Every structure is written in structure tokens, then in C-alpha cells.
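A.B. asks: pasting the sequence and the predicted model now:
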Amino acid sequence: MEDCIFCKIINKEIPSEAVYEDDYVLCIKDINPMAPVHLLVLTKKHICCANVIDETNSLYAAKAFEAVAKIAKQAGIDKNGYRVVNNCGDDGGQTVKHLHFHILGGKKLPIEMA
């Protein structure tokens, strides 16, 4: 997608602070962190949201979750725990229409929902 900020980050058109990358995902630090560790796992294939994951693109979602454990260990949050969040659609709080997962950790996170 031409106007997708995450596609531009993946294509190195916009600088970011990458912490992990493989053939399927790029993980960057969130520029507006909501926890001491707040990372974004971006699928390298543009998929607008969880609603359109199907047999043609589910490999990217699977690879994102495979990367989460590696990234959490690398970030030092694997022992005490962390949260993985996907916002889908406007009511779900999705502000960038590109499939991505938030990894939040580094402190005890509240249980209540926003």
C-alpha cells in the first residue's frame, strides 16, 4: 500500500528502531510506549487487519506469533510475562490499517480493559 506508514517503515522509507527482523516480520519500538517495553510486530505482507486473515496470508500471522517468543526473550520480559495485543477496526482501536501486534511488558500490567 502506497500510503501505509508501516509498509514505508518495512521498506526502509521511514526510519525506525528495529529490534528484530526476519523474512516475514519486522519488530520495532513503539514511538508512544504504553509500558516500559512496547514493541510492534509488523507483518511484512500488507494485511489490513485480523478480519482478512485467511489461507492465502495466515502464514504471516503465524510467523508473527512465532517471533513474539524470540522477541520477548531478547527484550528480557519472557520470565515475568507480557501481553500481546491486536487492535482490529476503528472500534477496536486500530489506528494503522496494517496487521500488527503490540508486545507490552516490563511491569505488572493492569487487568481492566481500556
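C.D. replies: Cool, the structure landed.
A.B. asks: tell me where this protein has helices.
C.D. replies: 5-10, 58-75 (DSSP state H).
A.B. asks: just the CA atoms of the shortest one, as CSV, please.
C.D. replies: In CSV, the C-alpha atoms belonging to helix 5-10 read as follows (Å, rounded to 0.1, in the frame of the first residue of the first chain):
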residue,chain,number,x,y,z
ILE,A,5,3.2,4.1,7.3
PHE,A,6,4.1,0.5,8.3
CYS,A,7,4.8,-0.5,4.7
LYS,A,8,7.1,2.5,4.4
ILE,A,9,8.9,1.5,7.6
ILE,A,10,9.2,-2.1,6.4
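A.B. asks: Lys63 and Leu99, how far apart?
C.D. replies: 11 Å (CB to CB, to the nearest Å). C-betas here are computed from N, CA, C, even on glycine.
A.B. asks: mutual contacts of the two, please.
C.D. replies: Residues touching both Lys63 and Leu99 by CB atoms under 8 Å, 6 or more residues apart in numbering: Thr43.
A.B. asks: those two: who's more crowded?
C.D. replies: A count of neighbours by other CB atoms under 10 Å puts Leu99 above the other of Lys63 and Leu99, at 26 against 18.
A.B. asks: if I look at the nearest residue in space to that one that is not next to it in sequence, how far off is Cys7?
C.D. replies: Once flanking residues are discounted, Leu99 sits nearest to Ile47: 4.1 Å by CB to CB, 6 or more residues apart in numbering. Distance of Ile47 to Cys7, given as CB to CB: 11 Å.
A.B. asks: and the two? Which one has more around it.
C.D. replies: Ile47 (21 against 18).
A.B. asks: so what's the nearest residue to Gly93 once chain neighbours are set aside up against?
C.D. replies: Once flanking residues are discounted, Gly93 sits nearest to Asn87: 4.1 Å by CB to CB, 6+ apart. Applying CB under 8 Å, 6+ apart, we find Asn87 in contact with Gly93, Gln94, Thr95, His102.
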